[in-house]
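Q: here are the coordinates; sequence isn't available:
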């Protein structure tokens, strides 16, 4: 690596930090890479830290000592978060989303990488201190949300499958009762997907009664896993008691009036 | 937005460009945001462009004129690409990946956000000039790869489902014959997921005979879609003729010797 001027170093260090959140970079890594004194690198990092914090990009955490270094902690600014959630609620209220059965079409939102990135950054901000080692979701629509979050927490994703035709070696399966449809369903997780005693963050797209999430939690008991948080994109208001407590939701679906094509959505409970 | 010094501007502009690839930022956007002259912003961008290109991060494309501006095109450096693909091949050759039936366990790789990001950047680099408007994949394991790619091309993902229990409104379904197992399978795509005549890039995790990809292509004909590229993570060597041509693969599985626990994987055909 050739010697870079400060301006070029700022660009490259910013790129590296942002591409690998929650990853510790020793000062020596940058000093060697750019043939610069550690003191110059420290000054670069001070500029980056100040800018990240001033612009609501996130934190730059400095760890002192021999094993020290710097890492980027993505955190979404509260104001940016609130205005984004308002935007999402408005988008969810579009009448053309209503599907037969009172479901909402959300695949366009869950397919948009710019929106997903912001949702992922919100979940990552909310659960940053929970020490999750894995993100767990259930196929299919939770997967993009789980990955978007994983990218900001830099931890692996594990996918619970809804069938047994799974080519992943030995699996643990459970039957559970879907909370709203009251039907018996199956879910499976590959034995080797999780280490025993892992700290797990559950992410899913939609929660009504909470049967699926409850099913995941039961399945996770088979792995002695510790659920450190649960985040759902949209929760539906409902009369019956929920099977799950202490979750975070980004939006709350209050009502769907199929006849008059009226949908009511409000921001969810971000800090349960 | 308060007036920022050059050093802080460099950090923030780098962050914005990288967070939103393939997005055109008018010079005036930055000039207003930082209360700076356009000429200063141009100098900032020249520094960023030079660094991005020198460090193999990607290109900064400048469009002149009234509708002009700058956008970041993520491109992975060939050398970084080659050494990463070698790494992936070595990882895939680990004997403990062998599953009953000669399948390979790959969920750890497909669950790792840092690896996925690099795979996504490779696909985005290879297909950058194809003008794709949508990325299409089939559940379940192709989904993370599709999102990783979408993030770098900044286009939406559309997921083909393997069942009919889909709450996405009216769907188009086809039956197809899986190339290797010769079984009849179903796949469905929501009518509203794609606009007619869309340019589509297909991304999937694994290809043997190519029956699934062929099925997707048949399904896409119902949408008058134009398949502009096909990328698979791993293709398996096989004796029979493939049902699909002109695809890109990142790795080629040459052989799996279940008895002696020997797997042979080589880098794939990146530029078919």
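A: Looks like it came in fine. Since the model is a prediction, treat every value here as computed from it, not as a measurement.

Q: only C-alpha atoms for contact and neighbour calcs from this point on.
A: Fine.

Q: interface residues of the stretch 151-272 of chain A facing chain B?
A: Contacts of the stretch 151-272 of chain A with chain B, taken as Cα under 8 Å from any Cα of the partner chain, map to A:151, A:154, A:155, A:156, A:157, A:158, A:167, A:168, A:169, A:193.

Q: Present these as JSON lines; the columns should include neighbour count.
A: Formatted as JSON lines, these follow (neighbours: other Cα atoms under 10 Å in any protein chain shown):
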{"residue": "A:151", "neighbour count": "26"}
{"residue": "A:154", "neighbour count": "22"}
{"residue": "A:155", "neighbour count": "20"}
{"residue": "A:156", "neighbour count": "26"}
{"residue": "A:157", "neighbour count": "32"}
{"residue": "A:158", "neighbour count": "25"}
{"residue": "A:167", "neighbour count": "16"}
{"residue": "A:168", "neighbour count": "21"}
{"residue": "A:169", "neighbour count": "18"}
{"residue": "A:193", "neighbour count": "21"}
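
Q: From these, which land in helices?
A: Taking DSSP state H, the ones among these that sit in helices are residue A:151.

Q: Point out the least confident one among the residues of the stretch 151-272 of chain A next to chain B.
A: Among these, residue A:167 carries the weakest pLDDT, at 75.

Q: buried residues in the strand or helix carrying residue A:263?
A: Assigned by DSSP states H and E, residue A:263 belongs to strand A:262-267. Within strand A:262-267, the residues scored as buried using 16 or more other Cα atoms under 10 Å in any protein chain shown are A:263, A:264, A:265, A:266, A:267.

Q: now the first one, which residues is it bridged with?
A: Looking back up the chat, that one is residue A:263. Residue A:263 forms beta bridges with residue A:256, as assigned by DSSP bridges.

Q: residues contacting the residue most central in space within chain A?
A: Geometric centre of chain A, nearest residue: residue A:149, 2.6 Å, by Cα atoms, centre = their mean. Going by Cα atoms under 8 Å, 6 or more residues apart in numbering or on different chains, residue A:149 touches A:117, A:119, A:120, A:121, A:122, A:123, A:124.

Q: isn't there a helix covering it?
A: Yes - the assignment for residue A:149 is a helix, going by DSSP: H, G, I helix; E, B strand; the rest coil.

Q: Could you check how far it is from residue A:127?
A: Counting by Cα to Cα, to the nearest Å, the gap from residue A:149 to residue A:127 is 10 Å.

Q: got it, and residue A:14?
A: Counting by Cα to Cα, the gap from residue A:14 to residue A:127 is 23 Å.

Q: Compare the two (neighbour count), which wins?
A: residue A:14 (23 against 20; other Cα atoms under 10 Å in any protein chain shown).

Q: can you pull the contacts of that one?
A: A:48, B:11, B:14, B:15.

Q: secondary structure class for it?
A: Residue A:14 - assigned by three-state DSSP - is helix.

Q: so what's residue A:21 scoring on pLDDT?
A: 98.

Q: And residue A:177, by the same measure?
A: So residue A:177 comes in at 83 (pLDDT).

Q: Please list all residues in contact with it.
A: A:183, A:184, A:185, A:211, A:215 are the contacts of residue A:177 under Cα under 8 Å, 6+ apart.

Q: Next: residue A:173.
A: So residue A:173 contacts A:164, A:186, A:187, A:188, A:189, A:219 (Cα under 8 Å, 6+ apart).

Q: is it true that the last one touches residue A:176?
A: No - using Cα atoms under 8 Å, residue A:219 and residue A:176 do not qualify as a contacting pair, with a distance of 9.5 Å.

Q: low pLDDT regions in chain A?
A: A:1-2, A:164-166, A:179-180, A:239, A:272 (pLDDT under 70).

Q: how about the helices in it?
A: Using DSSP H, helices in chain A cover A:6-19, A:27-33, A:38-54, A:78-92, A:107-110, A:113-126, A:142-153, A:211-221.

Q: Packing partners of the second one?
A: Here helix A:27-33 touches helix A:38-54, going by 3 or more Cα pairs under 8 Å, 6 or more residues apart in numbering or on different chains; DSSP states H and E.

Q: Tell me which residues of the helix it packs on come out buried.
A: Buried residues in helix A:38-54 (16+ other Cα under 10 Å): A:41, A:42, A:44, A:45, A:48, A:49, A:51, A:52.

Q: Does the first one touch residue A:31 like I think?
A: Yes - judged on Cα under 8 Å, residue A:41 makes contact with residue A:31 at a distance of 6.4 Å.

Q: all strands for the stretch 101-250 of chain A, in order.
A: A:134-138, A:157-160, A:171-177, A:184-190, A:199-207, A:226-236, A:248-257 (DSSP state E, counting those that start in this stretch).

Q: And those strands: which comes nearest residue A:56?
A: strand A:248-257 (19.3 Å; Cα to Cα).

Q: Other residues contacting the closest one?
A: With Cα under 8 Å, 6+ apart, strand A:248-257 has contacts from A:85, A:88-89, A:98, A:102, A:230-237, A:262-272.

Q: Try it again at 6 Å.
A: Residues from elsewhere that reach strand A:248-257 (Cα atoms under 6 Å, 6 or more residues apart in numbering or on different chains): A:231-237, A:262-270, A:272.

Q: Stretch A:203-222 too?
A: Contacts for stretch A:203-222 (Cα under 6 Å, 6+ apart): A:137, A:142, A:146, A:176, A:178-180, A:230-236, A:242-244.

Q: Flag every buried residue along that stretch.
A: Judged by neighbour count using 16+ other Cα under 10 Å, the buried positions of stretch A:203-222 are A:203-220.

Q: Likewise for stretch A:252-262?
A: Buried residues in stretch A:252-262 (16+ other Cα under 10 Å): A:252, A:253, A:256.
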